[in-house]
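Trainee: after the sequence you'll find the predicted model.
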Amino acid sequence: MRVAIRVQPGSTRPGVGGEAAVPGTEPCLVVRVAARAVDGKATEAALRALAEALGVRRRDVTLVRGATSRTKLVEINTPDSALATLRDRLDTLLQSH
C-alpha cells in the first residue's frame, strides 16, 4: 500500500494526523516531527512516527519518493490479511486534527 505524507519538521507538537492539500497531488497525511530537515533526520523521524501510528514495524515502511521534499510517497508492506485494518487506521488519521 502506498501513502502520500506531508512532513512538517521542527514541530513543537509532533504527531500524525490530519490532511494536507498539496497542489498537483492526492491528499497527504500530515506527519509533524521535532527533528529538523537536516541530513535526512526529519524523514527518518517521519517514517518512524508513521509506522508507530499505523501499528506496523519501521522496517515495513519504505520511502519511495521525496527524500528531499516535504511531500513524500511511502510504501507500507503488510500482509493482505491486515490491509483492511491498515486502511481503517489511515482513514482515522486523515480525519483527525
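Mentor: It's in.
Trainee: for this protein, which segments count as strands?
Mentor: Remark: strands assigned in the chain by DSSP state E are 2-8, 15-20, 28-32, 61-65, 71-76.
Trainee: need those in a markdown table with mean neighbour count and distance to G55, can you?
Mentor: Every residue, glycine included, has its C-beta placed from N, CA and C. Output for the strands of the chain, formatted as a markdown table (neighbours: other Cβ atoms under 10 Å; distance: least, Cβ to Cβ, whole Å):
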| stretch | mean neighbour count | distance to G55 |
| --- | --- | --- |
| strand 2-8 | 20 | 14 |
| strand 15-20 | 17 | 11 |
| strand 28-32 | 23 | 14 |
| strand 61-65 | 15 | 11 |
| strand 71-76 | 18 | 11 |
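Trainee: so which of those strands is nearest K41?
Mentor: Among the strands of the chain, the nearest to K41 by Cβ to Cβ is strand 2-8 (10.9 Å).
Trainee: which ones are touching I5?
Mentor: Listed by Cβ atoms under 8 Å, 6 or more residues apart in numbering, the contact set of I5 reads C28, L29, V30, V31, A46, L50, T71, K72, L73, V74.
Trainee: once you drop chain neighbours, what's closest to the second one?
Mentor: What sits nearest to L29 in space, not counting adjacent residues and going by Cβ to Cβ, 6 or more residues apart in numbering, is I5, at 5.0 Å.
Trainee: how near is that neighbour to E75?
Mentor: As judged by Cβ to Cβ, to the nearest Å, I5 and E75 stand 12 Å apart.
Trainee: kindly report the same for E26.
Mentor: 15 Å.
Trainee: repeat for R58
Mentor: Going from R58 to E75 by Cβ to Cβ gives 13 Å.
Trainee: ditto for A20
Mentor: 19 Å.
Trainee: follow-up on the earlier one: between the contacts of I5, which is closest to L90?
Mentor: Closest to L90, out of all of the contacts of I5 and judged by Cβ to Cβ, is L29, at 7.0 Å.
Trainee: ok, now which ones touch that closest one?
Mentor: Counting by Cβ under 8 Å, 6+ apart, L29 touches 3-6, 16-20, 50, 90, 93-94.
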